[in-house]
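S.K.: Model the structure of this input:
(chains A and B)
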Amino acid sequence: MSPHPSRDMASPVDRVGRDASASSDQRHDGLVMSGTVERGSFQLQADLTAAPGEVLGVLGPNGAGKTTLLRALSGLDALTSGSIRLDGLTLDNAATDTFVPAESRPVALVFQNYRLFPHLNVRDNVAYAPRVQGAARRQARAAADTWLERLDLSALASRRPHQISGGQAQQVALARALAAEPRLLLLDEPLSALDAKTRLDVRAQLRNHLKQFSGPVLIITHDPLEAMIMADRLLVIEDGRVVQQGSPAQVARQPATQYVARLVGLNLYTGTLEVASSRVHLDDGGIFTVTMGDGGLPAPDAAGPPGGRVLVGLRPSAITIHTVRPAHASPRNVWKGTIGALELLADRVRVQVEATPPALVDISAAAVADLALRPGTAVWLSAKATETEAYPDPGTPSPKVTEEE
Amino acid sequence: MTSNDRPPAGQAPAQRSRQGVRTVQATGAIPWPLGVPALLAALFLLVPLAGLLVRAPWRGLPGILADSQVLDALRSSLLCASSATAVSIVLGVPLAWVLARSQVRGISVLRALVTLPLVLPPVVGGVALLLAFGRQGILGRLLDQWTGITLPFTTAGVIVAETFVAMPFLVITVEGAFRVADRGFEEAAATLGASRLTVFRTVTIPLIGPSLLAGGVLCWARALGEFGATITFAGNFPGRTQTMPLAVYVALESDPEAAIALSLVLLVVSIAVLAGLRGQWANFGTAA
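M.R.: Model (predicted):
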């Protein structure tokens, strides 16, 4: 389907002419990808970089294109346009018809379901890459033993994949990938196949092993906690495009989309900022008074021209529920609504309030009882202006895209 | 456990206890319109084999089997069937892979054509082979002119005839396995640095191993029993092209006891094959 020759591998010296000046001295400049991949009617457009030693978490809902991204990076699929470079080496360039196939890329992929070869024992699984890359059987096994020892898996060496646990299989899959001595390591939902308890142990181990890897690491997940713990930086993909990049703290505090906001448990509103009055006219209706100078809006004059598109984040625990209209002196947002669903979380109740704008509110179970809240109860909501975090909407640099899902 | 509790066929099930503890019998009873034909079918298949055992000249058996002509036929049979299986594996496995994996248009037509010998009367196969590889055949004439080799009425001819008839059994079995094999393992191998040929050798073939074994045994058994194509293309020359089935057929006219003895040998071989395949047989059924 793609017109790439099977083995038109650019040598490390012969870098793409266009980038030659930029990368002439960058033997370890990490991963640089800018391009699109098409699979059927689905299109992924991704521009990303990952530095050596950096763990980039790729977060996104199912069907967002995360796996498509990994397949393009590993060489299982070709780019439709754009290019992928790793340490100055062109792996894929649609314009020059350069395509390094999976088998020739210094890229290893740990699959979601591990894909350990069922006919080989653990040692021979790990020895597979050295073996097919030309090592003698004895050397390959020695290399495998070294990796098994490093990952504390030596005891499993002679077991078959069906004789080990899911957590062990994950570690073996990692050992097998590392034994290929890749310069880019990709992990596709490495923990999703594990039960909750195993996941905690394996996550800690995985994090340690990834720290020791010298090249860039891409770890795909749809679990925000996993992403926050494992990754140095996050990349959020939705509907085939990158919607947010940033540190885990930044993404958690200032989510760019409703999807991320839900993951990190924030109420997120889109709106238009009126700088003079510090007020945001919300797209869902309603007006919020926000604080300026905090978070994403360093100073009122830096927020762009009046009428700039902003996102407003509001923690569910920062909202108070009242049964009568509250009267306060401090700048506060007060709005009216109706109780929707109530859900008991570990130590509090999450209340879904149908209002303009709608909100999720966390209150104590005692408060629910005191206020006699039940679905249909009319309530007032209030939130201090200092609790609202307003920041420029990164997903809408121009006015043409206004709708958030 | 349910089969042990089943009432004798044809007998009305006894009243069940109210608690429904014995409801398993509701599915255990065999209705007679199914049970009677099933019994007839089983008898039909087993009685002739039992007859072979009953009529076997047990006392004279060692003498008959020690006969040099019988040993020659047995040796020819084993040699030719094994050679035909080897040729089928060397050529048929790659063919099966291409049929299963190729996206080329018309591949399904090719698949139908190469499995034609499965349903073609073997004698027709023999005639077709003569027309292709006979001394006056399209390819046979060239072969004769260039190398002086002629296939008909030689041991090589027997192997050609058996391969022609038996290879499709291997091809369809292995092709089905290639089709259902998890491509994910092949992708994993590719990302670890294995070329396509290496992937085929180190991952694909081991993964379909059970089906390859089943297909190979099926192919071998078919080649061992091959009669029609062999006698048409290779003739019936003792010591050269006479295989066991041909020897049985010839002996039946002159020495029925010898025919029975030879048949017994083939029966034993077949049972041995079946026993060896016990585990693989189910696998074959799902893979093909």
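
S.K.: Now for the residue of the stretch 151-300 of chain A found nearest chain B: which residues touch it?
M.R.: Nearest residue of the stretch 151-300 of chain A to chain B (CB to the nearest CB) works out as A:Ala180 at 5.1 Å. Backbone N, C-alpha and C define where each C-beta goes, glycine included. Taking CB atoms under 8 Å, 6 or more residues apart in numbering or on different chains, we find A:Ala180 in contact with A:Ala108, A:Ala129, A:Pro130, A:Gln133, B:Thr191, B:Leu192, B:Gly193.

S.K.: export those residues to TSV and tack on secondary structure?
M.R.: Converted to TSV, the contacts of A:Ala180 look like this (DSSP: H, G, I helix; E, B strand; the rest coil):
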residue	secondary structure
A:Ala108	strand
A:Ala129	helix
A:Pro130	helix
A:Gln133	coil
B:Thr191	helix
B:Leu192	coil
B:Gly193	coil
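
S.K.: And the furthest pair within these?
M.R.: A:Pro130 and B:Thr191 (14.2 Å; CB to CB).

S.K.: who has more neighbours, those two?
M.R.: Higher neighbour count among A:Pro130 and B:Thr191: B:Thr191, with 26 against 23, using other CB atoms under 10 Å in any protein chain shown.

S.K.: Not including adjacent chain positions, what is the nearest residue to the more buried one?
M.R.: What sits nearest to B:Thr191 in space, not counting adjacent residues and going by CB to CB, 6 or more residues apart in numbering or on different chains, is A:Leu109, at 4.6 Å.

S.K.: repeat for A:Thr338
M.R.: A:Thr338 sits nearest to A:Glu354 (CB to CB, 6+ apart), 4.8 Å away.

S.K.: Sticking with the one you found, tell me its helix or strand.
M.R.: strand A:349-355 (DSSP states H and E).

S.K.: now that strand: mean pLDDT?
M.R.: Strand A:349-355 carries an average pLDDT of 90.

S.K.: Point out where chain A drops to low pLDDT.
M.R.: Across chain A, the ranges flagged by pLDDT under 70 are A:1-28, A:292-307, A:328-331, A:394-405.

S.K.: May I have the phi/psi pair for the closest residue to chain A within the stretch 1-150 of chain B?
M.R.: Going by CB to the nearest CB, chain A is nearest to B:Gln103 of the stretch 1-150 of chain B, at 9.8 Å. Backbone torsions of B:Gln103, given as degrees, to the nearest 10, read phi -100, psi 0.

S.K.: tell me what the helix or strand hosting A:Val32 is packed against?
M.R.: Per DSSP H and E, A:Val32 falls inside strand A:31-39. Secondary-structure packing of strand A:31-39 (3 or more CB pairs under 8 Å, 6 or more residues apart in numbering or on different chains; DSSP states H and E): strand A:42-50, helix A:66-74, strand A:81-86.

S.K.: Chain A contacts on the stretch 51-200 of chain B?
M.R.: Contact residues (CB under 8 Å from any CB of the partner chain) of the stretch 51-200 of chain B with chain A: B:184-185, B:187-196, B:198.

S.K.: one step back: looking at the contacts of A:Ala180, spot the one nearest B:Arg222.
M.R.: Comparing the contacts of A:Ala180 against B:Arg222 with CB to CB places B:Leu192 closest, at 38.4 Å.

S.K.: Touching, that closest one and A:Arg176? I think so.
M.R.: Yes. With contacts counted by CB atoms under 8 Å, B:Leu192 reaches A:Arg176, the gap being 7.0 Å.

S.K.: Common neighbours of these two, please.
M.R.: Common neighbours of B:Leu192 and A:Arg176, using CB under 8 Å, 6+ apart, are A:Tyr128, A:Ala129.

S.K.: Tell me if I am right that B:Gly125 is in a helix.
M.R.: Yes. Counting by three-state DSSP, B:Gly125 falls inside a helix.

S.K.: any idea how the chain splits into domains?
M.R.: Chain wasn't specified; assuming chain A. Domains of chain A are assigned by automatic domain parsing as A:17-238, A:259-314+A:388-392, A:317-385.

S.K.: right idea, wrong chain: chain B
M.R.: Looking at automatic domain parsing, the domains of chain B come to B:1-36, B:61-287.

S.K.: next one: the last one to chain centre, how far?
M.R.: This points to domain B:61-287. With CA atoms, centre = their mean, to the nearest Å as the basis, domain B:61-287 stands 8 Å off its chain's centre.

S.K.: Is A:Gly308 in contact with A:Leu273, as I believe?
M.R.: Yes. Between A:Gly308 and A:Leu273 there is a contact under CB under 8 Å: 5.0 Å.

S.K.: Which one's more surrounded, the two?
M.R.: The residue with more neighbours, out of A:Gly308 and A:Leu273, is A:Leu273; 29 against 19, by other CB under 10 Å.

S.K.: what about the more buried one, which helix or strand?
M.R.: strand A:267-274.

S.K.: the helices in chain A, which residues?
M.R.: For chain A, applying DSSP state H gives helices covering A:20-23, A:66-74, A:122-132, A:137-150, A:166-179, A:196-212, A:224-230, A:248-253, A:258-264, A:365-370.

S.K.: residue contacts, B:Gln69?
M.R.: B:Pro238, B:Gly239, B:Gln242, B:Ala247.

S.K.: confidence score at it?
M.R.: With respect to pLDDT, B:Gln69 scores 79.

S.K.: now swap in B:Thr243 and tell me
M.R.: Reported pLDDT for B:Thr243: 89.

S.K.: Now do it: how many residues are near it, please.
M.R.: 30.

S.K.: Remind me which helix or strand the residue nearest to it when sequence neighbours are not counted belongs to.
M.R.: For B:Thr243, ignoring the flanking residues on the chain, the nearest one in space by CB to CB, 6+ apart is B:Ser77 at 4.3 Å. Taking DSSP H and E as the criterion, B:Ser77 maps to helix B:68-101.

S.K.: just checking, what packs against the very next helix or strand once past that helix?
M.R.: Following helix B:68-101 in sequence order, the next helix or strand is helix B:107-114 (DSSP H and E). Packing contacts for helix B:107-114, counted by 3+ CB pairs under 8 Å, 6+ apart, involve helix B:68-101, helix B:155-180.

S.K.: most tightly surrounded among those helices?
M.R.: Stretch with highest mean neighbour count among the helices and strands packed on helix B:107-114: helix B:155-180 (a mean of 25; mean count of other CB atoms under 10 Å in any protein chain shown).

S.K.: angle of that helix against helix B:68-101?
M.R.: Here helix B:155-180 runs at an angle of 30 degrees relative to helix B:68-101 (axes from the mean of the first three to the mean of the last three CA atoms, to 10 degrees).
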